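Engineer: build me a structure from this.
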Amino acid sequence: MKTIKYALNALLLTLMLTFSSTTMAEEVNINTADAQSIASSLNGIGLKKAEALVVWRTEHGNFKDLAELENVKGIGSKTVEKNKENIKF
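Structural biologist: Model (predicted):
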């Protein structure tokens, strides 16, 4: 019985941490933020994708709109849609 209780508590904790980490998005200026700031501010964007955004921005200039973010490998329309309220230019 204790094993089941511990397993349920562990599952609950995991779910709480998962939910909290996916809802903590905050505003970020995609044209001035460093990769770490982008990764920690947006949902579904880890450090590798954030670094790809910074590389693209360095090579092509500042992003002008949300659709342009999809030019970066690994960034799709669902990721952009999920974060559109938090991406600033």
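Engineer: low-confidence bits of the protein, can you list those?
Structural biologist: 2, 4-24 (pLDDT under 70).
Engineer: need the strands for it, in chain order.
Structural biologist: 28-29, 87-88 (DSSP state E).
Engineer: and the last one, what does it pack against?
Structural biologist: Under the contact criterion of 3 or more CB pairs under 8 Å, 6 or more residues apart in numbering; DSSP states H and E, strand 87-88 touches strand 28-29. (Each C-beta comes from the backbone N, C-alpha and C, glycine too.)
Engineer: quick one: strands adjacent to the strand it packs on?
Structural biologist: Sheet pairing of strand 28-29 (DSSP bridges) gives strand 87-88 (parallel).
Engineer: other residues contacting the strand it pairs with?
Structural biologist: The set of residues external to strand 87-88 that reach it, using CB atoms under 8 Å, 6 or more residues apart in numbering, is Glu27, Val28, Asn29, Ile30, Leu42, Leu66, Leu69, Val80.
Engineer: fine by me, thanks again.
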